[in-house]
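Chemist: what's the 3D shape of this:
(2 chains)
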2 protein chains.
Amino acid sequence: MSKKITPLSEIGLFGLIEHIEKTFPKRNDNTKTGIENDAAVLATAGTRLVTAQSQLLEGIHFDLTYFPLRHLGFKAVVSGISDIIATGTKPSQISLTLGLSGKMSLEAVELLMEGVATACQKYDLDLIGFRPSSSLTGLSIAVSAYGFADDSTPKTRFGARENDLICVTGDLGAAFMGLQLLEREKQVMKETGQENPDFGGYDYLLERQLKPEARLGFLEQIKNAELTPTSMSLVREGLAAALIRMCKASETGCNIYENKLPIDHLTNTLGEEMEINPVVAALNGGEDYEILFTISLEDYQRIEKGGKSLKDIFVIGHITPESKGYTLETNAGEEIELKARGWGNEDVENKN
Amino acid sequence: MSKKITPLSEIGLFGLIEHIEKTFPKRNDNTKTGIENDAAVLATAGTRLVTAQSQLLEGIHFDLTYFPLRHLGFKAVVSGISDIIATGTKPSQISLTLGLSGKMSLEAVELLMEGVATACQKYDLDLIGFRPSSSLTGLSIAVSAYGFADDSTPKTRFGARENDLICVTGDLGAAFMGLQLLEREKQVMKETGQENPDFGGYDYLLERQLKPEARLGFLEQIKNAELTPTSMSLVREGLAAALIRMCKASETGCNIYENKLPIDHLTNTLGEEMEINPVVAALNGGEDYEILFTISLEDYQRIEKGGKSLKDIFVIGHITPESKGYTLETNAGEEIELKARGWGNEDVENKN
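Modeler: As a prediction, this is how the structure comes out:
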């Protein structure tokens, strides 16, 4: 990293745009006009365009005191494209809208965009829009993502049917626990003057928070295993919220099992240490970026047979009639009602 | 407007989404899955998708002390779809990403969305995404817009050629002068305790700032007149910035004439009153949302013959070789270099 600090006012709005444009090559043939024009033009390969938006706001979704800008750029892309993947579609383009506060220098924007570039390379994406503007109020990153579906039926959260099995693509609650750890260490450093945080052994949890991965491999998995999900959605604000929205959309209920929830052992360990119920973290923690989907009972054998190639897929419960509501069966055999997280991170409490 | 104030924390994130979803009907056949899913699915009618992003940030792009929320919602849509129109394409979908500060109530969001709904109705748009999140730092509104082009060549800013005529679709600088008026009255009311602002006769300038219109009619105009622009772009950050970017993209220069610049007489009058050069407002003021385009000399007769139907189109200069640079010929016959506005509104000064 260069030690040079160039105020954005020196390079100017269009200087910044030109500077960033140069560093993003075109990767997809159907990107006809990309970052170089205000409006991008995409050839409509396939019969359906799938598009989604997401945003990360300073103070809500990230704290720059511990979130490296390069990781933040990468995470913004993952956050943006995960909604596309969660329809069974490969994302191919993204565009970025930034609000840049006065404290951001050109070099800071470059670090952020290095993370974006790494993600674009890793996931084979074209950046087709880059629209910065100044912000009085901290850094904001809005991402639009695009993908073209080969067939005419990208999956939505609307297709779940009674008796379908409920599946997720990875462990839950780890990103939330990573955030708790970062917050705790920030506090400790502030109070004790200690210079370095102590993350002792919890690297995986930090990675889930700071360097989440998009589940692009899942598209390959379901294709190879010839799985046909009946519905799909992204776990962004916790499993409970995603599942309830899926059931509402599909006019069904659901029942999931505490002992089937994929929770990493580090999530459990840190949960114990910090007195946070890991099940609550899994249900309501957020930022997992795992895919929630349902399959018919007949498709279950394909998961069974898939063996190692489907090892990351966890069956956690099943779809019930709408009248049954949304329930979790605890290890003690108790049936409790699932509740979606409300407004923002602040609602996650250790209720159980 | 209901006097009821419902904190967003009461209705919750998904409550808000469900509440808003219901009020937006589907208008375009190619909106297959819209606001109801995280990712929207659009049938790829036509052969090219045109897409663009824009954002309005509190404190930078608007001041809630004088910007009615309903107008703000409308303006956000206009700002979003204007980039699509500026490629010669009819916009058909938008999606909205909001950052909502703690001071926003459900009723405030409803007012904002009323303005969005009015714009969607007026311009025949489907809202295909609504993604609110809480914000620590004021209201932010990011809009993604989409349109499908019938032919394979939506216009960009890249096609201008030497000797082409430079045209704009309406008067410039009025939105900027409207902003100056609002700021002045805010200051006066603060200093004198006066309860109501005095906008005496400048309604048009306020409208250009608070209720700008998208130039959808322009698509009809060029079609009827069989005009074929060689390049097109949106005037968002002032004419100078748009023109210079167009020339850079097309590897040309340009020369425009002060006495050809379309400036409303109210812009001139208020400019004199407030000692702001109206030409600077036109060149660097921003937020005009007019379309800048170039046509070949042969097409000039079509504008001449168009008469009343093309009355809003102003020829302001012509494209020159790249080596000539970007120039304005003043009324005094002097040739001065055009300069693009730099970073944000704060750079607009009364330099001339």
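Chemist: use CA for all of it now, contacts and neighbours both
Modeler: Will do.
Chemist: in the stretch 151-300 of chain A, where is pLDDT below threshold?
Modeler: By pLDDT under 70, the weakly predicted segments of the stretch 151-300 of chain A are A:152.
Chemist: get me the contact residues on it for chain B.
Modeler: A:154, A:156-157, A:233 (C-alpha under 8 Å from any C-alpha of the partner chain).
Chemist: surely A:Arg48 meets A:Tyr146?
Modeler: No - the criterion here is C-alpha atoms under 8 Å, and A:Arg48 misses it with A:Tyr146 at 10.4 Å.
Chemist: those two: who's more crowded?
Modeler: Using other C-alpha atoms under 10 Å in any protein chain shown as the criterion, A:Arg48 and A:Tyr146 rank with A:Tyr146 on top: 30 against 25.
Chemist: which strand or helix spans the more buried one?
Modeler: If you go by DSSP states H and E, A:Tyr146 is part of strand A:140-149.
Chemist: pull out the buried residues from that strand.
Modeler: A:140-149 (16 or more other C-alpha atoms under 10 Å in any protein chain shown).
Chemist: do the same with stretch A:276-291
Modeler: Residues A:276-291 are the ones in stretch A:276-291 that count as buried (16+ other C-alpha under 10 Å).
Chemist: restricted to strands, list those residues.
Modeler: Assignment to strands by DSSP state E places the following of the buried residues of stretch A:276-291 there: A:290-291.
Chemist: which one of the buried residues of stretch A:276-291 is nearest A:Phe24?
Modeler: Of all those, A:Phe24 sits closest to A:Tyr289, with 25.1 Å by C-alpha to C-alpha.
Chemist: give me every residue that touches that closest one.
Modeler: Applying C-alpha atoms under 8 Å, 6 or more residues apart in numbering or on different chains to A:Tyr289 gives the contacts A:79, A:82, A:212-215, A:234-236.
Chemist: among the residues you listed, which lie within strands?
Modeler: Residues of these located in strands (DSSP E): A:234-235.
Chemist: quick one: the helices in chain A?
Modeler: For chain A, applying DSSP state H gives helices covering A:8-11, A:13-21, A:69-85, A:106-123, A:174-192, A:203-210, A:217-224, A:239-250, A:265-274, A:278-284, A:300-306.
Chemist: same list, the ones you listed, but as TSV with distance to B:Ala249 please.
Modeler: Below are the helices of chain A laid out as TSV (distance: least, C-alpha to C-alpha, whole Å):
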stretch	distance to B:Ala249
helix A:8-11	19
helix A:13-21	11
helix A:69-85	28
helix A:106-123	23
helix A:174-192	43
helix A:203-210	38
helix A:217-224	38
helix A:239-250	44
helix A:265-274	52
helix A:278-284	48
helix A:300-306	52
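Chemist: can you say which of those helices is nearest to B:Ile11?
Modeler: That would be helix A:239-250 among the helices of chain A, by C-alpha to C-alpha, at 14.3 Å.
Chemist: what sits up against that closest one?
Modeler: Looking at what lies outside helix A:239-250 - C-alpha under 8 Å, 6+ apart - the contacts are A:157-161, A:172, A:231-236, A:253-254, A:282-284, A:286, A:292, A:319, A:322, A:326, A:338-341.
Chemist: cutoff 6 Å now
Modeler: Taking contacts as C-alpha atoms under 6 Å, 6 or more residues apart in numbering or on different chains, the residues outside helix A:239-250 that touch it are A:157-160, A:235, A:253, A:283, A:340.
Chemist: just those: which are in strands?
Modeler: Per DSSP E, those map to strands at A:235, A:253.
Chemist: please pick the buried ones from the contacts of helix A:239-250.
Modeler: Neighbour-count burial (16+ other C-alpha under 10 Å) applied to these gives A:157-160, A:235, A:253, A:283, A:340.
Chemist: farthest pair within the residues you listed?
Modeler: For these, the maximum inter-member distance is 21.7 Å, found between A:Gly159 and A:Leu283 (C-alpha to C-alpha).
Chemist: what about the residue nearest to A:Ile316 when sequence neighbours are not counted, how many neighbours?
Modeler: Nearest non-adjacent residue to A:Ile316, counting by C-alpha to C-alpha, 6 or more residues apart in numbering or on different chains: A:Lys260, 5.0 Å away. Residues lying near A:Lys260 (other C-alpha under 10 Å) number 14.
Chemist: hmm, A:Lys260 is touching A:His318, no?
Modeler: No - look at A:Lys260 against A:His318 with C-alpha atoms under 6 Å: they stay out of range, at 11.3 Å.
Chemist: which residue is nearest the middle of chain A?
Modeler: In chain A, the centroid-proximal residue (C-alpha atoms, centre = their mean) is A:Tyr289; its distance is 3.1 Å.
Chemist: tell me the residues of the stretch 1-150 of chain A that contact chain B?
Modeler: Proximity of the stretch 1-150 of chain A to chain B (C-alpha under 6 Å from any C-alpha of the partner chain) is limited to residues A:9, A:12-13, A:39-44, A:47-52, A:83, A:137.
Chemist: that older thread, closest one to chain B out of the buried ones among the contacts of helix A:239-250, please.
Modeler: Closest approach between the buried ones among the contacts of helix A:239-250 and chain B, by C-alpha to the nearest C-alpha: A:Arg157, at 6.8 Å.
Chemist: for the closest one, give its distance to B:Ala39.
Modeler: Counting by C-alpha to C-alpha, to the nearest Å, the separation of A:Arg157 from B:Ala39 is 10 Å.
Chemist: skipping its backbone neighbours, what lies nearest A:Leu297 in space?
Modeler: In space, and not counting its chain neighbours, A:Leu297 is closest to A:Asp164: 5.8 Å by C-alpha to C-alpha, 6+ apart.
Chemist: and the closest residue to chain B within the stretch 101-250 of chain A, how many residues sit next to it?
Modeler: When distances are taken as C-alpha to the nearest C-alpha, the stretch 101-250 of chain A reaches nearest to chain B at A:Thr137, 5.2 Å away. By the criterion of other C-alpha under 10 Å, A:Thr137 has 23 neighbours.
Chemist: so how far is B:Met104 from the nearest residue to it once chain neighbours are set aside?
Modeler: Nearest residue to A:Thr137 in three dimensions, chain neighbours excluded: B:Thr137, at 5.2 Å (C-alpha to C-alpha, 6+ apart). Going from B:Thr137 to B:Met104 by C-alpha to C-alpha gives 12 Å.
Chemist: cool, A:Phe218 as well?
Modeler: The gap separating A:Phe218 from B:Met104 is 39 Å, by C-alpha to C-alpha.
Chemist: what's near enough to touch the closest residue to A:Val168 other than its chain neighbours?
Modeler: Here the nearest residue to A:Val168 in space, its sequence neighbours aside, is A:Leu292; by C-alpha to C-alpha, 6+ apart that works out to 4.6 Å. A:Leu292 makes contacts with A:167-168, A:232-234, as judged by C-alpha under 6 Å, 6+ apart.
Chemist: go with 7 Å
Modeler: Neighbouring residues of A:Leu292 by C-alpha atoms under 7 Å, 6 or more residues apart in numbering or on different chains: A:167-169, A:232-235.
Chemist: okay, how far is it across stretch A:22-40, tip to tip?
Modeler: End-to-end distance (C-alpha to C-alpha), stretch A:22-40: 16 Å.
Chemist: other residues contacting it?
Modeler: Stretch A:22-40 is contacted from outside by A:21, A:41-43, A:45, A:92, A:117, A:124-130, B:50-52, B:83-84, B:156-157, using C-alpha under 7 Å, 6+ apart.
Chemist: greatest separation within the buried residues of strand A:140-149: which pair is it?
Modeler: Once C-alpha to C-alpha is applied, the buried residues of strand A:140-149 give A:Ser140 and A:Ala149 as the farthest pair, at 29.5 Å.
Chemist: now A:Ala142. Nearest residue, chain neighbours left out?
Modeler: Excluding the flanking residues, the one nearest A:Ala142 by C-alpha to C-alpha, 6+ apart is A:Gln55, at 4.1 Å.
Chemist: hang on, the earlier thing: from what I can see the residue nearest to A:Leu297 touches A:Phe293, true?
Modeler: No - A:Asp164 is beyond contact range of A:Phe293, at 9.6 Å (criterion: C-alpha atoms under 7 Å).
Chemist: more crowded one of the two?
Modeler: Taking other C-alpha under 10 Å, A:Asp164 and A:Phe293 do not tie; A:Phe293 has more neighbours (31 against 24).
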